[in-house]
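Could you look at this predicted model? Sequence included:
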Amino acid sequence: MKTVHVIPPSGKTRETVVKQHVRLKRGLSVTFFVLSVCLAGAGAFAQQFSRDRGQGGQGGQGGNLESLDPGPRAVSVGAGKPIQGLSSQQILFFQNGMSQFNEIEDVARTSPGNGGLGPAFNSNSCGSCHSQPAPGGSSPSANAFPNIGHNPQFTVGQYMGGSNSIPPFITADGPVREARFKSDGGVHDLFTISTRSDGKGCSMAQPDFAAEAANGNLSFRIPTPVFGAGLIENIPDAAILANLASSASRQLGIAGVPNRSGNDGSITRFGWKAQNKSLVIFAGEAYNVEMGVTNELFPNERGYPPTPVLPGCIFNPTPEDRTVFESTDPTQVPSDVDSFANFMRFLDQPIPACTTDCSPQIQAGRAIFGAIGCANCHTPSMTTANSGMASGLSQVQANLFSDLGLHHMGSNLADGISQGNAGPDQFRTAPLWGVGQRVFFLHDGRTSNLLRAIQEHAGQGSEANRVIENYEQLSRQNKESLILFLRSL
């Protein structure tokens with residue numbers, strides 16, 4: 001059996017991970033001989049996955065390494081439930097937030113938070129894009145468990161009589177995407193309300209995405225899952241800084257830094273570049289940018305900045321979403337933005353397929369994850385502070401597999417966009433909790449295969465290069481163990 005030679009991690013993970021590495025070096029041959037005998041037992045776990053491993057592509061045992069990824073884990077959905085310890089009243093706010101999150105918005109505003117779509121938009125509901133494998137997730141799929149459906153962007157431009165053209169980077173089986181122009185860094189929504197039956201009088205044209213693509217001016221983002229978002233929000237700045245310092249490794253070339261608010265200087269942590277400070281800001285920006293709904297945080301119609309919104313495209317007083325002061329039902333008083341934030345804040349972290357009773361192959365995969373240096377950025381867990389919002393957010397071990405810091409990911413992943421302190425090739429370490437049931441990976445959704453996603457981390461100037469070198473030295477069986485571990489999360 002092939003011996004694994006790795007560039008060892010240093011810092012916080014070294015004390016535990018190097019011990020794992022020593023054990024791996026001493027007993028790797030014996031371990032994986034035993035595992036080869038145990039594969040029938042491990043196969044029982046593999047049968048939970050939604051793709052047939054006896055076929056090609058992502059299912060075979062042939063020479064193609066990408067076939068080692070069995071695809072999203074099936075049998076039961078491991079995310080989408082509220083945190084433990086919520087009061088009966090908090091549960092009502094969570095449920096109302098979920099309802100608002102999944103609500104479809106039209107152009108006309110019939111009451112605060114009901115309507116206000118456009119004049120430009122990427123979709124008409126938060127839940128349409130954040131739905132895999134449950135509300136709060138990422139891009140859905142009709143072909144992967146739990147088979148939620150096709151990309152909603154493939155049809156939403158034709159809803160209510162709309163005749164929007166479908167951009168070439170949007171497909172029925174592909175990821176939900178927003179498009180940014182590198183020239184201005186901003187989001188340019190895919191569709192307009194101009195041809196919808198409730199948008200008559202608006203004459204706003206779609207951007208020429210084909211021309212922008214030809215000029216190399218497009219950069220894509222897919223939805224980030226918001227499971228466990230309240231736990232992330234409640235991790236102290238001091239814990240993030242201490243973890244970044246102890247996980248830094250000169251040997252591996254890893255040196256993460258936080259993104260910070262330009263207002264109060266505290267650590268920001270939401271979004272692909274950790275550009276948003278809080279869940280309220282995250283929700284308010286998305287409501288305005290992705291759906292065109294003005295709100296108390298972003299009260300102005302935006303259209304396609306810097307082009308002003310045409311008068312014929314303004315249908316409602318602003319903000320279209322606001323606090324409902326006149327409501328006598330306490331759960332209906334918060335604005336949609338606050339309701340979205342409550343829903344995300346009270347969403348629990350994803351439940352892994354196993355913890356202490358994992359198969360030998362998954363246990364080996366977890367050890368390999370630490371030994372080759374993945375854990376230096378994908379920190380397995382951090383602990384939250386005491387919460388004044390809910391007891392279920394206090395002193396909780398958040399198993400996020402992220403350091404929430406920014407890292408240079410090099411030329412291969414660079415998107416040419418700067419946000420806050422994050423430069424064109426810097427990204428927040430994507431949390432891996434729930435990755436076992438995710439379909440699309442990396443900021444632009446360029447792949448559905450975990451092995452390719454790992455390989456895409458390599459590139460000129462990437463902090464992950466030495467970790468990827470370690471990964472490439474793994475035997476086929478060790479890579480499979482690593483992938484099965486990730487699909488167990």
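The structure has been received and is ready for your questions. Numbers count the residues shown, from 1 in each chain.

List the buried residues of stretch 257-274.
258-261, 267-274 (16 or more other CB atoms under 10 Å). All C-beta spots, glycine's among them, are computed from the backbone N, C-alpha and C.

Regarding that stretch, how distant is the last residue from the first?
End-to-end distance for stretch 257-274: 11 Å, by CA to CA, to the nearest Å.

Number of residues surrounding the residue nearest to residue 462 when sequence neighbours are not counted?
Using CB to CB, 6 or more residues apart in numbering and skipping residues adjacent in sequence, the residue nearest residue 462 is residue 410, 3.0 Å away. Other residues near residue 410 come to 18 when the count uses other CB atoms under 10 Å.

For residue 410, give me the pLDDT.
Per-residue confidence for residue 410 comes out at a pLDDT of 98.

give the contact list for the residue lying closest to residue 108 once chain neighbours are set aside.
Excluding its sequence neighbours, the residue lying closest to residue 108 (CB to CB, 6+ apart) is residue 115, at 5.0 Å. For residue 115, the contact set (CB atoms under 8 Å, 6 or more residues apart in numbering) comprises 105-109, 316, 320.

Export those to CSV and append columns for pLDDT and neighbour count.
Output for those, formatted as CSV (pLDDT from 0 to 100; neighbours: other CB atoms under 10 Å):
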residue, pLDDT, neighbour count
105, 97, 25
106, 97, 19
107, 97, 24
108, 95, 14
109, 92, 21
316, 96, 17
320, 97, 27
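
so who does the residue minimising distance to the centre of the chain touch?
In the chain, the residue lying closest to the centroid (CA atoms, centre = their mean) is residue 224, at 2.6 Å. Contacts for residue 224 were tallied using CB under 8 Å, 6+ apart; they are 138, 270-272, 430.

Wait, a strand at it?
No - the assignment for residue 224, made by DSSP: H, G, I helix; E, B strand; the rest coil, is coil rather than a strand.

Roughly how far does it sit from residue 445?
11 Å (CB to CB, to the nearest Å).

what kind of secondary structure is residue 404 in?
Following three-state DSSP, residue 404 is assigned to coil.

again with the one 3 residues further on
Going by three-state DSSP, the secondary structure assigned to residue 407 is strand.

Quickly list what it is bridged to.
According to DSSP bridges, the residues that bridge with residue 407 are residue 427.

Test my guess that it contacts residue 423.
No - under the contact definition of CB atoms under 8 Å, residue 407 does not touch residue 423, with a separation of 10.8 Å.

of the two, who's got more company?
Neighbour count, other CB under 10 Å: between residue 407 and residue 423, residue 407 has more, with 25 against 15.

Identify the residues contacting that one.
Neighbour list for residue 407: 254-256, 377, 426-427, 429, 463-464 [criterion: CB under 8 Å, 6+ apart].

Can you say which of those are buried?
Among the contacts of residue 407, those scoring as buried are 254-256, 377, 426-427, 429, 463-464 (criterion: 16+ other CB under 10 Å).

Can you tell me which of these comes closest to residue 390?
Set against residue 390, the nearest of these by CB to CB is residue 429 (25.8 Å).

which residues does the closest one contact?
Here residue 429 is in contact with 256, 377-379, 402-405, 407 (CB under 8 Å, 6+ apart).

Just flag the most distant two among those residues.
Within the contacts of residue 429, 379 and 407 form the most distant pair, 12.1 Å apart (CB to CB).
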